[in-house]
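Engineer: requesting a structural model of the entry that follows:
(2 chains)
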Number of protein chains: 2
Amino acid sequence: MHESAWERDEGAGPKLDGELRSAFGIREEIERRVRSGIWAPGERLTSERDLAEHFETTRVTLREALSMLESEGRLYREDRRGWFVAPPRLVYDPTERGTFDRTARAQGRVPVTRLLDFAVVPCAPRVSALLALPVGLPILRIRRQRFLDGRAVLYVEHHLQPDAFPGLETADLTGSMTEIYERDYGFSYGGMVFEITTVGLHPAAAEPLRMAVGSPGLLVTRAHDDRAGRRVDCDFEYWRHDAILVRVAA
Amino acid sequence: MHESAWERDEGAGPKLDGELRSAFGIREEIERRVRSGIWAPGERLTSERDLAEHFETTRVTLREALSMLESEGRLYREDRRGWFVAPPRLVYDPTERGTFDRTARAQGRVPVTRLLDFAVVPCAPRVSALLALPVGLPILRIRRQRFLDGRAVLYVEHHLQPDAFPGLETADLTGSMTEIYERDYGFSYGGMVFEITTVGLHPAAAEPLRMAVGSPGLLVTRAHDDRAGRRVDCDFEYWRHDAILVRVAA
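Structural biologist: From the prediction side, this is the model:
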């Protein structure tokens, strides 16, 4: 159950002029091969030259088709290495606590988390709005990079109330923050709110994701309250746009 | 409250080489002007030539900055007309019923819905997976185009159980489907599930959104059950990536 049945898109639609239909037709043929497993996740496609020959089309039209599949997250490109079949998206529920490791393993993926830094920083305006703290007040910021099967898929910043978690810097911050909160601080969450939007990746997010500045990303912002309704932390999760499928039952 | 405070992104990050910092610096300066209202939503920017001169940079670097802002949804481009400041995103909760009109009005926007067609079509595989119906079975499909302040922001397909809503074709299908269900059929929803993913727009979605095939979109897929837990309909909502901000409290 890695990939959602919902993601399949028949793409039947109005007639287009010759060139667009051609690129779209090639897109559909490549997608069919990926979907049916003829071309497997991680597999490298043959050269653009060979593909253009195979589909009896021009390099320009082929690239149009490949770019569509890239923006859909079916294929991805690596500098100088060519085109690859994208791994399945992680099906992810932002309303669950501490999901990354557990979710990834449940879906047969290998998760790894790397701590980038742990710092006390002045509260930024967007954090101030979420945590209801004055701009400039010192708060804790933890920055992490998360991988699936060796591929960087998530850059995440956690911003925490300064007083809520004393001594946090001595914990192992490569696992679930939620588990640390519960185990070391006897803390458990109450309500939460999340937001999802598309963003162009700014340098601080693009670099750990190994993408170009301005590449499309999905920003999932989460804020959590404790059981007394006090806002305690917020996360800014920058995902590769092609690495995640959000699913929530309500 | 059109725009989320959360969307603000300070973008402080690691140092970059000269050219990237320059494009990113210009991006930040333009974003600051948009955010503070010096440049208003809908406003057309001066020519790229003048902008490049103003920021004392090259056209290449300027375009890098403009493209970042486009992928973030701050600016958009119109063929031959130049660059414009994007209108605010609609803050949208997929767990609410019949939200488009009400949500838009509550946020000071003018919503319009256009019915594209109403048809009985063979059940497609992705619909079959959602409605638990055999592929090929005749089902109802309603396709609509929705506008905010005159701009096409949403292309949506509703797929319905064939027997649940007899005579639906005589209803006014430019309003809330949920209201029609409730008023004309005494029907009310039980649970629901939604999925969010990024897609490249296929031709059927790109054309009503007036975007190029393959442009980035946000696909929100929703499926609804009745109070007895029977799955009754599903929607495929293709949003302009820069027109929507999903927010859910859980």
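Engineer: packing partners of the helix or strand harbouring A:Ala129?
Structural biologist: Element membership of A:Ala129, judged by DSSP states H and E, is helix A:125-131. Helices and strands touching helix A:125-131, by 3 or more Cβ pairs under 8 Å, 6 or more residues apart in numbering or on different chains; DSSP states H and E, are strand A:151-160, strand A:216-226, strand A:231-240. All C-beta atoms are positioned from the backbone trio N, CA, C, and that covers glycine.
Engineer: the same query, at a cut-off of 7 Å, please.
Structural biologist: strand A:231-240 (3 or more Cβ pairs under 7 Å, 6 or more residues apart in numbering or on different chains; DSSP states H and E).
Engineer: next secondary structure after the strand it packs on?
Structural biologist: That would be, after strand A:231-240 and using DSSP H and E, strand A:244-249.
Engineer: list the neighbouring strands of that following strand plus their orientation.
Structural biologist: Paired neighbours of strand A:244-249 in the sheet (DSSP bridges): strand A:90-92 (parallel), strand B:189-200 (antiparallel).
Engineer: centre of the chain to the first one, how far?
Structural biologist: If I follow you right, that is strand A:90-92. The chain centroid and the centroid of strand A:90-92 are separated by 9 Å, computed with Cα atoms, centre = their mean, to the nearest Å.
Engineer: same check on stretch A:107-124?
Structural biologist: With Cα atoms, centre = their mean as the basis, stretch A:107-124 stands 13 Å off its chain's centre.
Engineer: then it to CSV, C-alphas only?
Structural biologist: Output of stretch A:107-124 as CSV, limited to C-alpha atoms (Å, rounded to 0.1, in the frame of the first residue of the first chain):
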residue,chain,number,x,y,z
GLN,A,107,5.4,1.2,4.2
GLY,A,108,8.5,-0.9,3.7
ARG,A,109,10.9,2.1,3.6
VAL,A,110,14.1,2.8,5.4
PRO,A,111,14.0,6.1,7.3
VAL,A,112,17.1,7.9,8.5
THR,A,113,17.2,11.2,10.4
ARG,A,114,20.1,13.5,10.6
LEU,A,115,20.3,16.4,13.1
LEU,A,116,21.6,19.5,11.4
ASP,A,117,21.7,21.8,14.5
PHE,A,118,20.2,22.6,17.8
ALA,A,119,20.2,26.3,18.6
VAL,A,120,18.6,29.1,20.7
VAL,A,121,17.5,31.7,18.2
PRO,A,122,15.4,34.9,18.3
CYS,A,123,11.7,34.1,17.7
ALA,A,124,10.9,34.9,14.0
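Engineer: give me every residue that touches A:Arg240.
Structural biologist: For A:Arg240, the contacting residues are A:153, A:209, A:211, A:217, by Cβ atoms under 7 Å, 6 or more residues apart in numbering or on different chains.
Engineer: ok, and the closest non-adjacent residue to the last one?
Structural biologist: Spatial nearest neighbour of A:Gly217, chain neighbours left out: A:Leu201 (4.5 Å); criterion: Cβ to Cβ, 6 or more residues apart in numbering or on different chains.
Engineer: most neighbours, which of the contacts of A:Arg240?
Structural biologist: Neighbour counts for the contacts of A:Arg240 (other Cβ atoms under 10 Å in any protein chain shown) peak at A:Gly217, which has 29 neighbours.
Engineer: I'd like the distance between that residue and A:Asp242.
Structural biologist: 10 Å (Cβ to Cβ, to the nearest Å).
Engineer: same thing with A:Val91?
Structural biologist: 14 Å.
Engineer: and these two? Which one has more around it.
Structural biologist: Taking neighbours as other Cβ under 10 Å, A:Val91 and A:Asp242 compare with A:Asp242 leading, 22 against 19.
Engineer: verify the contact between the more buried one and A:Arg74 for me.
Structural biologist: No: using Cβ atoms under 7 Å, A:Asp242 makes no contact with A:Arg74, being 8.0 Å away.
Engineer: what is in contact with those two at once?
Structural biologist: In contact with both A:Asp242 and A:Arg74: A:Ala86, using Cβ under 7 Å, 6+ apart.
Engineer: residues in contact with A:Arg33?
Structural biologist: Taking Cβ under 7 Å, 6+ apart, one finds A:Trp39 in contact with A:Arg33.
Engineer: and with 10 Å instead?
Structural biologist: Applying Cβ atoms under 10 Å, 6 or more residues apart in numbering or on different chains, we find A:Arg33 in contact with A:39-40, A:43, A:45, A:85.
Engineer: domain-wise, how is chain A divided?
Structural biologist: According to automatic domain parsing, chain A comprises the domains A:5-85, A:90-246.
Engineer: out of these, which one sits most buried?
Structural biologist: Ranked by mean neighbour count, these are led by domain A:90-246 with a mean of 18 (mean count of other Cβ atoms under 10 Å in any protein chain shown).
Engineer: could you check how far A:Arg105 is from chain B?
Structural biologist: Per Cβ to the nearest Cβ, to the nearest Å, A:Arg105 is found 21 Å from chain B.
Engineer: thought A:Val112 was touching that residue, still the case?
Structural biologist: No: using Cβ atoms under 10 Å, A:Arg105 makes no contact with A:Val112, being 11.5 Å away.
Engineer: can you give me how far the longest helix belonging to chain A is from the chain middle?
Structural biologist: Looking across chain A with DSSP state H, the single longest helix is helix A:18-35. Taking Cα atoms, centre = their mean, the mean C-alpha location of helix A:18-35 is offset from the chain mean by 26 Å.
Engineer: so for it, mean pLDDT?
Structural biologist: Helix A:18-35 shows a mean pLDDT of 79.
Engineer: cool, stretch A:42-54 as well?
Structural biologist: Mean predicted confidence for stretch A:42-54 is 92.
Engineer: pLDDT weak spots in chain A?
Structural biologist: For chain A, the stretches flagged by pLDDT under 70 are A:1-21.
Engineer: same thing but 50
Structural biologist: By pLDDT under 50, the low-scoring segments of chain A are A:1-17.
Engineer: coming back round to it: and of the domains of chain A, who's closest to B:Glu157?
Structural biologist: For B:Glu157, the closest of the domains of chain A is domain A:5-85, at 10.3 Å, according to Cβ to Cβ.
Engineer: my guess is A:Ala250 meets A:Pro94, correct?
Structural biologist: No: contact criterion Cβ under 10 Å: A:Ala250 and A:Pro94 do not qualify, at 12.0 Å.
Engineer: quick one: common contacting residues for the two?
Structural biologist: Both A:Ala250 and A:Pro94 are contacted by B:248, B:250, under the criterion Cβ under 10 Å, 6+ apart.
Engineer: one step back: common neighbours of A:Gly217 and A:Asp242, please.
Structural biologist: Common neighbours of A:Gly217 and A:Asp242 (Cβ under 10 Å, 6+ apart) are B:Thr198.
Engineer: farthest-apart pair in the contacts of A:Arg33, please.
Structural biologist: Farthest-apart pair in the contacts of A:Arg33 is A:Ala40 and A:Leu45; separation 11.3 Å (Cβ to Cβ).
Engineer: which ones are touching A:Glu48?
Structural biologist: With contact taken as Cβ under 10 Å, 6+ apart, A:Glu48 is in contact with A:59, A:62-63, A:66, A:82-83.
Engineer: just the residues you listed: which are in strands?
Structural biologist: A:82-83 (DSSP state E).
Engineer: now the contacts of A:Glu48 as a markdown table including distance to B:Leu116?
Structural biologist: Converted to a markdown table, the contacts of A:Glu48 look like this (distance: Cβ to Cβ, whole Å):
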| residue | distance to B:Leu116 |
| --- | --- |
| A:Arg59 | 35 |
| A:Leu62 | 31 |
| A:Arg63 | 30 |
| A:Leu66 | 29 |
| A:Gly82 | 39 |
| A:Trp83 | 34 |
